[in-house]
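Novice: with the input below, show me the fold.
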Amino acid sequence: MKSTQTLVSATGEQVYLLDRILFYLWLMVPAYQYSDLHVQNSRVGFWGIAALLIFRIAMRDLLRRRFVLASRGLLIPFTLVFAWKFVELVREPGSLDTAVLFFVDFLVTYTCCLLVAPRIFTVRAWLVGFRRVNLFALGLAIVAHPFIPDRTDMAGWDKGESWAFAHPNVAAMYPLTICLITMIMFGMRMKGRVRWFDIFCVAFSVVTLVLTNSRTTLAILVVATLLSLFNVIALTYVRDKPGRDVQALGIALKLCAAIVILGGAYIAFLSLGAQDIDDKFSGRLSFAVQVILSAKDLVLGVGLLPPGSNLLADNSTRGAGIDGLYTNLVYGEGYVGLVIFAIAMYGFHRMASFDRRCRVFFDVALVSGLLFGVTETHFWLLASPLTALVAVLASTLGTQAGSRTIVNLGAPLPKVIQRKNSRA
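Specialist: Residues are numbered from 1 along each chain as shown. Down below sits the predicted model:
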């Protein structure tokens, strides 16, 4: 299925419109999983669409006798990630069947984001298309909410608007992603001028984000906005001139920002106290400390567990699992897993480092995901909108800049035979 206008991917290949439609459908499956509907066998769609996409691309490569490996710069970091998760899978302390499902979910998510997405998207096509997907998912959740009964089996489900999503923090990911994409598109000069649709996207995302009352996500939006403004000022007024070391100045500004943030956090800790801070985080900190102290081995972890799961408290009785990406990593995969995670995040950063403007605005999305991981587990561990935004943006940016490998398997088949096979 071809579009009337030739589409080109980050690898420079011709793109089939059906592949993009399938990828958008694949992105919608997690939104369906996060809904108030008690989804059964949702992995059939998640794995099935991914398998169909990989099959279509692999068959075209076989016909051309040329395999294209996208995201070459992330090969080593993610080999470490998958290898260590496999080691933790062998050491899993609970049900092996559940651990295997989670491991395959993770493998499918990053295979599609890092290897498949650059074969069917450019950077611009990804940002424009993904913003529409999130607008559709959020709008559908708002419209369908009156017809779907609320779930009451999750802690904090009634703290703010969640519409058809299972939790306000889950619902907040979608407007946050819409707003981040709009800021990135303007920051990377993909928009020549402000349009009414862009203003609508920002206004709609801010209003819905406020209605969710998700404190973490609101704080992340403030940080992302300040970082974007800082990047605009730095890129506009701090330019390379004779006798001026711009790189040293940029590092100095980042150090000053880090000192201000850490100093403010320390002052808040001294003024409020540990108990008040824990109360503001809904008891997350104290429970995380209890869970981590219960682990017998923090270097290697207790073994692979689904996000939020632990061996100390039953999720069904407590109402929630371990909140926080980093607590999950240290508890399940140990300090080794946390270090490998840091290597993967640095690999993401390096994929966008070919251009200063791309790097700083990609880092806005990356920092937002990392901050979201302070209190939530959806970034990195699950196929959330933030995970897809960061992973696909990194892979398309790097691949479009030349981070790819082409493996030839001999002379390609004649074009006539290729066309007949593709039609068949």
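Novice: for residue 185, what are its contacts?
Specialist: Counting by Cβ atoms under 8 Å, 6 or more residues apart in numbering, residue 185 touches 127, 128, 131, 191, 198. No exception for glycine: its C-beta is placed from N, CA and C like everyone else's.
Novice: pull up the gap between it and residue 79, please.
Specialist: 32 Å (Cβ to Cβ, to the nearest Å).
Novice: in ChimeraX, select just the buried ones from the contacts of residue 185.
Specialist: Filtering these down to the buried ones (16 or more other Cβ atoms under 10 Å) takes a single ChimeraX command:
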select :127,131,198
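Novice: dump the contacts of residue 185 into CSV; add distance to residue 309 and secondary structure as well.
Specialist: Converted to CSV, the contacts of residue 185 look like this (distance: Cβ to Cβ, whole Å; DSSP: H, G, I helix; E, B strand; the rest coil):
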residue, distance to residue 309, secondary structure
127, 34, helix
128, 37, helix
131, 33, helix
191, 42, coil
198, 40, helix
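Novice: check contacts around the closest residue to residue 140 other than its chain neighbours.
Specialist: In space, residue 140 comes closest to residue 164 once its chain neighbours are excluded; the distance is 7.5 Å by Cβ to Cβ, 6 or more residues apart in numbering. Counting by Cβ under 8 Å, 6+ apart, residue 164 touches 35, 36, 37, 140, 141, 142, 144, 145, 148.
Novice: and the helices in the stretch 251-400 of the chain, which stretches?
Specialist: 274-280, 284-294, 315-318, 325-351, 356-372, 378-381, 385-400 (DSSP state H, counting those that start in this stretch).
Novice: hmm, residue 134 is touching residue 385, no?
Specialist: Yes. Using Cβ atoms under 8 Å, residue 134 is in contact with residue 385, at 5.8 Å.
Novice: mind listing the shared neighbours of these two?
Specialist: With Cβ under 8 Å, 6+ apart, residue 134 and residue 385 have common neighbours 174, 177.
Novice: next, format the helices of the stretch 251-400 of the chain as a markdown table and append distance to residue 215 and mean neighbour count.
Specialist: Compiled in a markdown table, the helices of the stretch 251-400 of the chain are given as follows (distance: least, Cβ to Cβ, whole Å; neighbours: other Cβ atoms under 10 Å):
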| stretch | distance to residue 215 | mean neighbour count |
| --- | --- | --- |
| helix 274-280 | 8 | 13 |
| helix 284-294 | 11 | 16 |
| helix 315-318 | 20 | 10 |
| helix 325-351 | 17 | 20 |
| helix 356-372 | 12 | 21 |
| helix 378-381 | 15 | 23 |
| helix 385-400 | 16 | 27 |
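Novice: from the contacts of residue 164, which land in helices?
Specialist: Under the assignment DSSP state H, these contribute 140, 141, 142, 144 to helices.
Novice: need the strands for the stretch 1-150 of the chain, in chain order.
Specialist: With DSSP state E, counting those that start in this stretch as the criterion, the stretch 1-150 of the chain has strands at 7-8, 14-15, 66-70.
Novice: could I get the average pLDDT for the last one?
Specialist: In this model, strand 66-70 has an average pLDDT of 90.
Novice: now do that strand against helix 385-400, angle only.
Specialist: Orientation check (axes from the mean of the first three to the mean of the last three Cα atoms, to 10 degrees): strand 66-70 against helix 385-400 gives 120 degrees.
Novice: what is strand 66-70 packed up against?
Specialist: Using 3 or more Cβ pairs under 8 Å, 6 or more residues apart in numbering; DSSP states H and E, the elements in contact with strand 66-70 are helix 117-120, strand 404-408.
Novice: check which helices and strands the last one sits against.
Specialist: In terms of contacts (3+ Cβ pairs under 8 Å, 6+ apart), strand 404-408 is packed against strand 66-70.
Novice: who wins for proximity to residue 57 among the helices of the stretch 251-400 of the chain?
Specialist: Residue 57 sits nearest to helix 385-400 of all those, at 13.7 Å, using Cβ to Cβ.
Novice: contacting residues around residue 99?
Specialist: 89, 92, 303, 304, 305, 306.
Novice: out of those, which end up buried?
Specialist: Among the contacts of residue 99, the ones that count as buried by 16+ other Cβ under 10 Å are 89, 92, 303, 304, 305, 306.
Novice: which one of these is nearest residue 116?
Specialist: Nearest to residue 116, judged by Cβ to Cβ, of the buried ones among the contacts of residue 99 is residue 89 at 23.0 Å.
Novice: quick one: closest of the helices of the stretch 251-400 of the chain to residue 49.
Specialist: Here helix 385-400 is closest among those (Cβ to Cβ), at 13.6 Å.
Novice: using CSV, write out every CA atom in stretch 76-91.
Specialist: Only the C-alpha atoms of stretch 76-91 are listed here, as CSV (Å, rounded to 0.1, in the frame of the first residue of the first chain):
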residue,chain,number,x,y,z
ILE,A,76,26.3,-1.9,22.4
PRO,A,77,24.2,-0.1,25.1
PHE,A,78,21.1,-2.1,24.4
THR,A,79,23.0,-5.4,24.0
LEU,A,80,24.1,-4.8,27.6
VAL,A,81,20.5,-3.9,28.6
PHE,A,82,19.0,-7.0,27.1
ALA,A,83,21.8,-9.3,28.3
TRP,A,84,21.4,-8.1,31.9
LYS,A,85,17.7,-8.4,31.8
PHE,A,86,18.0,-12.0,30.6
VAL,A,87,20.4,-12.7,33.5
GLU,A,88,17.8,-11.2,35.9
LEU,A,89,15.1,-13.3,34.2
VAL,A,90,17.0,-16.4,35.0
ARG,A,91,17.2,-15.2,38.7
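Novice: quick one: buried residues of it?
Specialist: Across stretch 76-91, burial judged by 16+ other Cβ under 10 Å covers 77, 78, 80, 81, 82, 84, 85, 87, 88, 89, 91.
Novice: same question for stretch 220-233.
Specialist: 220, 221, 224, 225, 227, 228, 231, 232.
Novice: now do stretch 100-112
Specialist: 102, 103, 105, 106, 107, 108, 109, 110, 111, 112.
Novice: buried subset of the ones in helices among the contacts of residue 164 as a ChimeraX selection?
Specialist: Selection of buried members from those for ChimeraX, criterion 16+ other Cβ under 10 Å:
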select :140,141,142
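Novice: reformat the ones in helices among the contacts of residue 164 as a markdown table; add distance to residue 169 and pLDDT.
Specialist: Converted to a markdown table, the ones in helices among the contacts of residue 164 look like this (distance: Cβ to Cβ, whole Å; pLDDT from 0 to 100):
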| residue | distance to residue 169 | pLDDT |
| --- | --- | --- |
| 140 | 19 | 92 |
| 141 | 14 | 90 |
| 142 | 17 | 93 |
| 144 | 19 | 88 |
